[in-house]
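*Asks:* Need a 3D model of the sequence below.
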Amino acid sequence: MKRAFILFCVLTFSSFGTNVLAQLVEEADTLGDNILLRKELYGAAIFHSAGWGFGFRIGQNRTYYNKKMFEFDLVEMKSPKEYKRSNASFTNSRRYVYGKLNNLYLLRAGYGAQKLLNRKPYWGGIEVRLFYYGGLSVGLAKPVYLYIANYTIVDNQLYYDITTEKYDPEVHFPWRVNIPSRDIDIYGKAPVYKGFNEIKPFPGAYAKLGFNFEYGSYNQSIKAIEVGATIDAFPKAIPVMAFNDPYHFFINVYISFTFGKRYN
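*Replies:* Numbering: from 1, shown residues only. From the prediction side, this is the model:
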């Protein structure tokens, strides 16, 4: 009888201990150190279907399952019609995109949320969240400048000098041309900083939807990959390529690599 009583007590407390341990494991399943860190801050390197850029995020964890986020992105936006070429007449010419009127950069500032879909096991793994953002998108169009070779003939010898000019589709062609009082050719692309004082803003809006896959081992440290899609819309169309319609919309898919921290 005594042995039966002892066995009953052992089984009871073992069952109780197992339940408590299971509950603790469940609660700590994705919290790591069992502390909900309310704030987070991280940066992102973004690679999308029309270029690349950088992002910055500020978040607040209201609960472990829901986050409210502010985000800021700066990405370049290329046209699918872009094709780089070089002038074979010069051995050291610089490659350029013929017909490109503007280099376009998008500056985004928005607000959104992340919703937990799959919890990370306490031993590690991947946590999956659905996210969506929306806000202001400003297109920054910077005129393209080119190096232009200006030819002259002196004593039956051909000479040229290089000048820097804003691309003009009515004047500059990918071959040597004679225009009134000028004999010119495109030598190549001028430095990217040329034309920054002529940047023209195009205000618009954007929306973003995708998934966040966090694989970091520690609750305080953020390591994640995001995949998603964005749409940027502008009431006033943005000219990017000559001889093509300007753009009202830009739709892209992207992947980003994020690193940051959580804290209170």
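
*Asks:* Quick check: bridge partners of the spatially most central residue of the chain?
*Replies:* In the chain, the residue lying closest to the centroid (CA atoms, centre = their mean) is Ile46, at 3.1 Å. Beta-bridge partners of Ile46, counted by DSSP bridges, are Gly53, Ser256.

*Asks:* Tell me how far it lies from Thr258.
*Replies:* 9 Å (CB to CB, to the nearest Å). C-beta here means a position set from N, CA and C on the backbone, and glycine is covered the same way.

*Asks:* Next, show the common contact partners of these two.
*Replies:* Gly55 (CB atoms under 8 Å, 6 or more residues apart in numbering).

*Asks:* Please give me every residue in contact with Asp232.
*Replies:* Applying CB under 8 Å, 6+ apart, the residues near Asp232 are Met77, Leu106, Arg108, Ser137, Gly139, Gly204, Ala205, Tyr206, Phe249, Phe250.

*Asks:* Could I get the phi/psi values of Glu198?
*Replies:* Per-residue torsions, Glu198: phi -110, psi 10 (degrees, to the nearest 10).

*Asks:* Nearest residue to it in space, ignoring adjacent ones along the chain?
*Replies:* Nearest residue to Glu198 in three dimensions, chain neighbours excluded: Pro143, at 5.2 Å (CB to CB, 6 or more residues apart in numbering).

*Asks:* Run a quick neighbour tally on the one you found.
*Replies:* Per other CB atoms under 10 Å, the neighbour tally for Pro143 reads 17.

*Asks:* Give the bridge partners for it, please.
*Replies:* Under the criterion used here (DSSP bridges), Pro143 is bridged to Asn102.

*Asks:* that older thread, PyMOL command for the buried members of the contacts of Asp232?
*Replies:* A single PyMOL command is used to select the members of those judged buried by 16 or more other CB atoms under 10 Å:
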select buried, resi 77+106+108+137+139+204+205+206+250
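
*Asks:* Need the contact partners of stretch 155-162.
*Replies:* With contacts defined as CB under 8 Å, 6+ apart, stretch 155-162 is touched by Tyr147, Ile148, Ala149, Asn150, Tyr151, Thr152, Ile153, Asp185, Tyr187.

*Asks:* Low-confidence regions, the stretch 101-250 of the chain specifically.
*Replies:* Scanning the stretch 101-250 of the chain for pLDDT under 70 picks out 122-124.

*Asks:* the helices in it, which residues?
*Replies:* Taking DSSP state H, counting those that start in this stretch, the stretch 101-250 of the chain contains no helices at all.

*Asks:* returning to that earlier point: quick one: residues contacting the residue nearest to the centre of the chain.
*Replies:* Going by CB under 8 Å, 6+ apart, the list of residues near Ile46 reads Trp52, Gly53, Phe54, Gly55, Asp73, Val75, Tyr254, Ile255, Ser256.

*Asks:* With neighbour count, distance to Met241 and pLDDT added, can I get the residues you listed in JSON lines?
*Replies:* Formatted as JSON lines, those follow (neighbours: other CB atoms under 10 Å; distance: CB to CB, whole Å; pLDDT from 0 to 100):
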{"residue": "Trp52", "neighbour count": "13", "distance to Met241": "19", "pLDDT": "97"}
{"residue": "Gly53", "neighbour count": "20", "distance to Met241": "20", "pLDDT": "98"}
{"residue": "Phe54", "neighbour count": "13", "distance to Met241": "25", "pLDDT": "98"}
{"residue": "Gly55", "neighbour count": "19", "distance to Met241": "26", "pLDDT": "97"}
{"residue": "Asp73", "neighbour count": "25", "distance to Met241": "23", "pLDDT": "98"}
{"residue": "Val75", "neighbour count": "24", "distance to Met241": "18", "pLDDT": "98"}
{"residue": "Tyr254", "neighbour count": "23", "distance to Met241": "22", "pLDDT": "98"}
{"residue": "Ile255", "neighbour count": "15", "distance to Met241": "26", "pLDDT": "98"}
{"residue": "Ser256", "neighbour count": "23", "distance to Met241": "27", "pLDDT": "98"}
